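>>> sequence first, then the predicted structure:
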Amino acid sequence: MSTLPVPLPGGTWTLGDLTVTRFGYGAMQLAGPWVMGPPADHDGALAVLREAVALGITHIDTADAYGPHVTNRLIREALHPYPDPLHIVTKVGATRDEQGGWPPARRPEDLRRAVDDNLENLGLETLDLVNLRLGDARGTRPGSVAEAFETLVELQQQGLIRHLGVSNATPEQVAEARAIAPIVCVQNMYNLAHRQDDELIDELAGQGVAYVPFFPLGGFTPLQSSALTAVATRLGATPMSVALAWLLQRSPNILLIPGTSSVAHLRENIAGAGLPLSDEDLAELDRIGR
Ligand SMILES: NC(=O)c1ccc[n+]([C@@H]2O[C@H](COP(=O)([O-])OP(=O)(O)OC[C@H]3O[C@@H](n4cnc5c(N)ncnc54)[C@H](OP(=O)(O)O)[C@@H]3O)[C@@H](O)[C@H]2O)c1
C-alpha cells in the first residue's frame, strides 16, 4: 500500500476538457544519455512509467524527438491500453540529428509527419495535447509562429489533435498563437533560478491557461543554491522537494513535469512537493532567481 499523499500534491487542473493532476511526469530522461537511443535499463524505465500511473499521476509529458521515438515507444509498452484518466502531452517542432542536436522541424510537412509519428508510436488515434515547440536548444527565438501553428490547427480540425499549446515561446509568440486559436498551456523553461516568465505566468493564470515549467529541477544540471539548501535543511527536506513545492505554491496554473529515471526519486518528489512553505521560506527562495 502506498504511503504517499493521496490525492497528489497540488490537486488537479483542467486543460480544455481534460482534467489532469498538477503533479505530472516528464518522460524525457527515460531515453539514453543526452536523450538519444534506448535506456540502459529498459525494464527500469517501464517500471518508472507504471509507478507514476499507479501513484495517481494523470499527465505524462513526452515528445517523439526523445530517443528519437524511444520514449513514446516505452510509454506505449508500459501503459497501453491507456487508463481513461491518463493524458499524454507531446510536442512537435524539433527533430534530432546524428550528433544529438535538436534542429527545428516546423515546416507544414515536418509537423504533419511528427503528428503521425506520435500517433503511431504512442498507439493513439487522437493526441490529447500537442505543444508547438519553438526556438532552439539554446532557448527562445523571436519570429512568427503563424504558418506552423496554423498547420497544427488544421490537424486539430481533422480530429488528430484535441488541444494545442506552445513551448519554448516568447510572450509575443504566445499572444500570436492565441490570436489564431485557443491554447491550453505554455511549456517554457522556468524554475527557482530562472524566473524570466514571472509576468507571463501571472498573465496566463488570469486567463485560465496552464504554465508547465520544463527543467523544474534544473534539467541536465540539477539546481544548486545555498539558499535552497538552507531552506531544505531547516525543513528537513531535500532541495528537489523544496524546488517542486515552491513551483506548486508559485501559481495555481503551474503544472509539474519533473523528470526522473528512478522510482525512488519519483516517490521522493511526490512526497516532498506538498511541503508547506512559510512566508519566510518563500521570501528566501524568491531571492534566488532575482
Ligand atoms: N519543451 C521543451 O523544449 C522541453 C525541454 C526539456 C524538457 N522538457 C520536458 O520537461 C521534463 C522535465 O525536464 P527534465 O527531466 O529534463 O529536467 P528536470 O525535471 O528539471 O530534472 C531532471 C533531473 O533531475 C534528477 N532528479 C529528479 N528527481 C530527483 C531527486 N529526487 N533527487 C535527485 N535528482 C533528481 C533526474 O535524475 P534521475 O533520473 O537520477 O532521477 C534528472 O537528471 C522533461 O521530461 C520533458 O518532458 C521539455
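Structure's in. What do you need?

>>> what's the nearest residue to Thr126 if we skip its chain neighbours?
Nearest non-adjacent residue to Thr126, counting by CB to CB, 6 or more residues apart in numbering: Arg162, 5.8 Å away. For every residue, glycine as well, the C-beta is placed using N, CA and C.

>>> next one: the one you found from the ligand, what distance?
Per CB to the nearest ligand atom, to the nearest Å, Arg162 is found 19 Å from the ligand.

>>> for Gly11, see how far away the residue in the chain that the ligand sits nearest to is.
With CB to the nearest ligand atom, the shortest gap between the chain and the ligand falls at Gly259, namely 2.0 Å. Applying CB to CB, to the nearest Å, the value for Gly259 to Gly11 is 21 Å.

>>> same deal with Glu203?
22 Å.

>>> could you check which of these two has the larger neighbour count?
Between Glu203 and Gly11, Glu203 has the larger neighbour count (other CB atoms under 10 Å), namely 16 against 11.

>>> specify the local secondary structure of the more buried one.
Judged by DSSP: H, G, I helix; E, B strand; the rest coil, the three-state class of Glu203 is helix.

>>> next up, the contacts around it.
Shown in contact with Glu203 (CB atoms under 8 Å, 6 or more residues apart in numbering): Pro171.

>>> not counting its neighbours along the chain, what's nearest the residue nearest the centre of the chain?
The centroid of the chain falls nearest to Ile257 when counting by CA atoms, centre = their mean (4.3 Å). In this structure, Ile257 finds its nearest non-sequential neighbour in Gly26, 3.7 Å apart by CB to CB, 6+ apart.

>>> pretty sure the residue nearest to Thr126 sits in a strand.
Yes - assessed with three-state DSSP, Arg162 lies in a strand.

>>> pLDDT value on it, please?
pLDDT recorded at Arg162 is 98.

>>> related to what we said a few turns ago, I'd assumed Thr21 was in contact with the residue nearest to the centre of the chain.
No - Ile257 is beyond contact range of Thr21, at 10.8 Å (criterion: CB atoms under 8 Å).

>>> enumerate the residues of the protein near the ligand.
Taking CB under 6 Å from any ligand atom as the measure of proximity, the chain contacts the ligand at 26-29, 61, 91, 133, 167-168, 187, 214-219, 222, 240, 257-262, 265, 268-269.

>>> what about 5 Å?
By CB under 5 Å from any ligand atom, the residues of the chain that approach the ligand are 26, 28-29, 61, 167-168, 187, 214-217, 219, 240, 257-262, 265, 268.

>>> just the buried positions in the helix or strand where Ala227 lies, please.
Assessed by DSSP states H and E, Ala227 sits inside helix 226-235. Residues of helix 226-235 classed as buried: 227-228, 231-232, 235 (neighbour count, 16 or more other CB atoms under 10 Å).

>>> got TSV for these, with pLDDT too?
Putting the buried residues of helix 226-235 into TSV (pLDDT from 0 to 100) gives the following:
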residue	pLDDT
Ala227	94
Leu228	96
Val231	96
Ala232	96
Leu235	95
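
>>> sorry, back to before: can you give me phi and psi for the residue nearest to Ile257?
Dihedral angles of Gly26 (phi, psi; degrees, to the nearest 10) stand at phi -100, psi 120.

>>> for it, name its beta-bridge partners.
Beta-bridge partners recorded for Gly26 (DSSP bridges): Asp61, Gly259.

>>> that one: neighbour count?
27.

>>> flag the shaky bits of the protein, pLDDT-wise.
Scanning the chain with the threshold set as pLDDT under 70 gives 1-3.

>>> now do the strands in it.
12-15, 18-21, 25-26, 59-61, 87-92, 127-133, 161-167, 185-189, 210-214 (DSSP state E).

>>> thinking again about what came up before, next, give phi and psi for the residue nearest to the centre of the chain.
phi -130, psi 50.

>>> quickly note the distance from it to Leu223.
In this view, Ile257 and Leu223 are 15 Å apart by CB to CB.

>>> ok, back up a step: need the residues touching each of Ile257 and Thr21.
Common neighbours of Ile257 and Thr21 are listed as His59 (criterion: CB under 8 Å, 6+ apart).
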